[in-house]
Structure formats: C-alpha cells, structure tokens
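J.: here's a sequence, model it:
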Amino acid sequence: MSGKGGSGKNAALVGAGIFLSRVLGIVRERVFAHYLGSSDAADVFKAALKIPNLLQNLFGEGALSASFIPVYAGLLGAKNPGIKNKDEADRTARAVGSILAVVMALLVLAGILATPLLISLIAPGFTGEKRDATIGLVRILFPGVGILVLSAWCLGVLNSHRKFFIPYAAPVLWNLAIIGALAGFGGRMQSYPLAEIAAWGAVAGSMLQFGVQLPFVLRLIGRFRFELNISSKHIRAVIKNFIPGVATRGVNQISGYIDTILASFLPAGAVAAMSYAQTIYLLPVSLFGMSIANAELPEMASHTGTLETVAGPLRERLDKAMRRVAFFIIPSAVAFLALGDSIVNLLFQTGKFTRADGLYVWMALAGATIGMLAATLGRLYMSAFWALRDTRTPFRFAALRVALTAGMGWLLAFPVTAWLGLPARAGLIGLTVSSGIAAWVEFSLLRSALNRRIGRTGLSAAVLVRLSGAALCAAAAAFALKQWVQDMPPLVSGVGVLALFGAVYFAAALALRMPEAAQIIGAIRSRVRR
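T.: Numbering: from 1, shown residues only. Down below sits the predicted model:
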C-alpha cells in the first residue's frame, strides 16, 4: 500500500482517513445542531471559525501541497536515490517546518490583535452582543488554527513518503474534542457560553491533531531542529511556488468569506444553514475527490524529465482518476438534488434543529451541488499543474472564479430574489448557485490549459451518460420510497432511502458494465472470503 504507483490503494487509504474524520465531523455538526440549532450563537461560532481558518487554508494543506510536496517527493523519488538525496530531502522538510512555525507565530499574534477589524470585514452584519461574542471566540480560536497549519506540514511529509492514513484520520481528534466539549457542558449552559466552550475544545483538538502526527514525521526526517537557512535551491523552489500557492488558496478563501459576508445580511440562521450545507457537500467532495487527487499528487510529482516525457503518464493518471471520481460524485450530486431533505434530516434533525431547518439547508445544498462534479475534477487538474511545478495558472483561474462567485452571488441573493418576490431567506440559494456555476467556468479553463500542454484529457460522453443514467434510475426509486416513508422518524426513513439509492445505483452500474462497479464488488467479495 505504501509503494509507488499504487495510487488506487493510496487513494483508498486517504479516503478511509477522510471518511473517519468526515463521519466524526457529521457527528460534531449533529451535536452542535442539537444544542445550538440555527441560533445567533450558532451564527457567531460558524463566522468566528471562518476567520482564523484563513490561516489554515492559506498556509495549510493546499499551499503546501502545491509547493512543498512536488519538491520533497521529487527528491525522495529521484532516480538512483542515495544518502545525499535523502539528507537533502530531510533538510528541506526541516527548513520548511521551521519557517512555517515562525511565520505562524507572528500571524497568530497579529490576528489576535486585529480581531475587531477582521470582524468588520468578514461579518459586517453582526452588531451588539453578536459582534462582541464573535470577537471573543476568534481570539480563542486563532492559536489552535496556527497549530493546524503545522499539522498540514506533517501531512505533506507523510504523504510524500506514501503514508496517507494517519494525516487524514488525525482530524478525528479535533472533532472529538469539540464533541466532548459540547456534550459535557451542553445541558447546563446558555448558548453563548456554550459556543465559547466549543471554541476551547477546538483549540485542544488542534493540539491533539498535530501531536498524533509528529512522532511519525520524526521517524522519517530524524530529530527536528530549527533550520532557517534558505540557501538551498530546493527550499527556494518551495518558497517560490508557495507564494502563488498561497495566493490561489487566498482567492478561494475570499470566495468563502464573500459568501459569509453576504449571508450575514440575510435573516438569522443563514450563516449556520450555509455551514450545515457545506458540511454535507464536502463529504463526497473530500471522500471521493480530494482523496484521489491527493493520492495522485506525489505520484505525478515523481515523474521527472521533459514535458514530452511526462505528458503520457500524466494523461493516463488523470483519465483513470477522473473516471473513479465521476463514478462516486455523479450519484452523490443526484442524491443531494433529489433526496437532500432526507439526508439533511437524517444527519441533523434533533433538538433545536427542526424539519423546517432541514428544508432550508436542503435548498442551500441543492444550489452548491450544481458545481460538485466540476469542483472535484478541477482539483485533479490542479494537482497536475502542481506536479508540473506550475502554481500560477491555477491561481489565475481561481481568481476569475471568485470574481464570478462574488458578482453572481450578490445579484442572485438580493436583487433577483427581491425581483422574484421571494422571501429574503431564499437569497441563500442564490449564493450557493453562483458558486456552482463559477466552478464549471474554472474547471473548463483548467482543462483547456492543461490539454494544450500534455494533450487531450477528460471523461468521454459515453461514461457520463451511463453514470448519469444509473444515478437517475436510483434517484427515481429512492424518491418514490421517500414519499412513502416521509412521516417516519428521520433516522429510519433516511437510512432506508439512501440504502435503496445505493443498491439501485450499483445494480444499474453493473448492468451498464461500468468497470468501477465490478472492481468494488470484487474487492468486497475478496474481503468476505478472507
């Protein structure tokens, strides 16, 4: 499983780790929904978490994947690697970790001091007690998120050594810490104090997430010591690619923050509803999209030589990876559109989270689902660009996507909603629809630019038609069942509807002779026989 070239097994390891962390994330959100629902305190916590997360997303996994992993994995995978290459790789890893630690310490301190200004930028619609509570939570959360950036450095080291499970399962501890804080104090505290307790739980979870990975990293790179010398060409290459990598992540974050800013002007509960929808949306995106893309990155980065030499292997890896992604993402998108209310209520309907809240979250989820396939396939194309040491092209296209999302988001959330005579809460759907449309624009540009470099890539029309047909058949059967069991408890009706959807989809995929379905069934049979 840890050998080179086994990207399918590596993706399975990444997927297993992500699955565990996302399942615990769903549990965390369910517990959160039980105690805080879509209240003002829920809005405060969700908005507060977004602000320090800027550091994690700017300097964390995305930027390090774009800059550090291609260089580090290239050193480890060089032809005829010797002690010299290994020593240079270890020095590079230690230097990057040292620089990152110093930068994070300074930025966390600056963020704590500048929190009131940041609140004005990210949630200008919050006033009075809501604004004051958000400021307090942000100052609690900032140090923990700085630690999570160092956790992302651990992920980069471990991924380059084809150690995938631990770094992607580590967020389980972060989720467990928040769940423990909410469950331990939720029954005897008011909403705002409970949100503060949850923030302290997030800080404790950050320390646990970093701490569980560090011993594995030290076994690979040796005893850690600060090395701030940037004279090495490899370290300079990481820094050179890191800046546009941060810029790309920056424009992606700007998109999320623009959504939060706009949602803060919508009626109470919009920010929390958007967060619940994103939690569900990110489950298949992470499990089936990011897992494959992240597993492919070190493999693609290990191919060295001229563009003509690496073009063929890159095309082959991309095409196979896209089929695997589409096999899972297309049915996920169809299920979210047709059965989203059952999914939302299955996960979150408890305590203060009502069926009406579930319908609102479903509407937001349906809008985002429009761009799900484009977003996941686009991540694969980004990985290919990063493997080619090109972080600037993805940055340009991401910037365009953000501009489109912002413009269309405002237009659809406010003027169009009012023009159609819809309630103000419906503006949230416009925000998520705009992000889905912009994702397709970005994907089209990424594919076109890469195809000009390495030749034609992409999914065939026949594959798309067969996968879509299987998903629609499954949705029709599950939707009929949903109408029959809709008055049952969500845990019963939701499980039954999703189980039928999955069974019909796999049966249809097998009937249509989709090799991915046959491979999964074969793997299950081999496991059972053991």
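J.: output the below-cut-off pLDDT ranges for the protein.
T.: 1-11, 51-66, 77-85, 122, 241, 244-254, 256-257, 301-305, 527-530 (pLDDT under 70).
J.: do that again at 50, thanks
T.: For the chain, residues meeting the criterion pLDDT under 50 lie at 1-5, 80-83.
J.: hey, which helix is longest across it?
T.: The helix that spans the most residues within the chain, counting by DSSP state H, is helix 307-348.
J.: beyond that one, next helix or strand please.
T.: Using DSSP states H and E, the helix or strand that follows helix 307-348 in sequence is helix 355-369.
J.: so what touches that following helix?
T.: 33, 37-38, 269, 273-274, 276-278, 280-281, 333, 336-337, 340-341, 343-345, 348-349, 425-426, 428-433, 435-436 (CB atoms under 8 Å, 6 or more residues apart in numbering). All C-beta spots, glycine's among them, are computed from the backbone N, C-alpha and C.
J.: tell me the angle of the longest helix of the chain relative to helix 355-369?
T.: Helix 307-348 runs at 170 degrees relative to helix 355-369, counting by axes from the mean of the first three to the mean of the last three CA atoms, to 10 degrees.
J.: just give me how far helix 307-348 sits from the chain centre.
T.: Centroid separation for helix 307-348 versus its chain: 13 Å, with CA atoms, centre = their mean, to the nearest Å.
J.: ok, now stretch 349-359?
T.: 25 Å.
J.: over to stretch 216-223?
T.: With CA atoms, centre = their mean, you get 27 Å for stretch 216-223.
J.: equivalent analysis for stretch 501-519, please.
T.: The answer for stretch 501-519 is 26 Å, by CA atoms, centre = their mean.
J.: can we start the residue count at 59 from this point?
T.: In the new numbering, first residue 59, that becomes stretch 559-577.
J.: so for that stretch, what gets flagged as buried?
T.: For stretch 559-577, the neighbour count (16 or more other CB atoms under 10 Å) marks 559, 562, 563, 564, 566, 567, 570, 572, 574, 575 as buried.
J.: CSV please, covering the residues you listed and showing secondary structure and distance to residue 451.
T.: Putting the buried residues of stretch 559-577 into CSV (DSSP: H, G, I helix; E, B strand; the rest coil; distance: CB to CB, whole Å) gives the following:
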residue, secondary structure, distance to residue 451
559, helix, 38
562, helix, 40
563, helix, 35
564, helix, 37
566, helix, 38
567, helix, 34
570, coil, 36
572, coil, 32
574, helix, 29
575, helix, 34
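J.: in CSV, list these along with distance to residue 265.
T.: Shown next, in CSV, are the buried residues of stretch 559-577 (distance: CB to CB, whole Å):
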residue, distance to residue 265
559, 39
562, 45
563, 41
564, 41
566, 46
567, 43
570, 49
572, 44
574, 39
575, 42
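J.: and of the residues you listed, the nearest to residue 176?
T.: Residue 176 lies nearest to residue 559 out of these, by CB to CB, at 42.0 Å.
J.: wouldn't that closest one be in contact with residue 400 here?
T.: No: using CB atoms under 8 Å, residue 559 is not in contact with residue 400, being 9.4 Å away.
J.: let's see stretch 79-92 as PDB, backbone CA atoms only.
T.: Output of stretch 79-92 as PDB, limited to C-alpha atoms (Å, rounded to 0.1, in the frame of the first residue of the first chain):
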ATOM      1  CA  SER A  79     -12.800  12.400  10.000                       C
ATOM      2  CA  ARG A  80     -15.800  13.400   8.000                       C
ATOM      3  CA  VAL A  81     -18.100  11.000   9.800                       C
ATOM      4  CA  LEU A  82     -16.900  12.500  13.100                       C
ATOM      5  CA  GLY A  83     -17.400  15.900  11.500                       C
ATOM      6  CA  ILE A  84     -21.000  15.000  10.800                       C
ATOM      7  CA  VAL A  85     -21.500  13.800  14.400                       C
ATOM      8  CA  ARG A  86     -19.900  17.100  15.600                       C
ATOM      9  CA  GLU A  87     -22.300  19.100  13.500                       C
ATOM     10  CA  ARG A  88     -25.300  17.000  14.700                       C
ATOM     11  CA  VAL A  89     -24.300  17.600  18.300                       C
ATOM     12  CA  PHE A  90     -23.800  21.300  17.500                       C
ATOM     13  CA  ALA A  91     -27.200  21.400  15.900                       C
ATOM     14  CA  HIS A  92     -28.800  19.700  18.900                       C
END
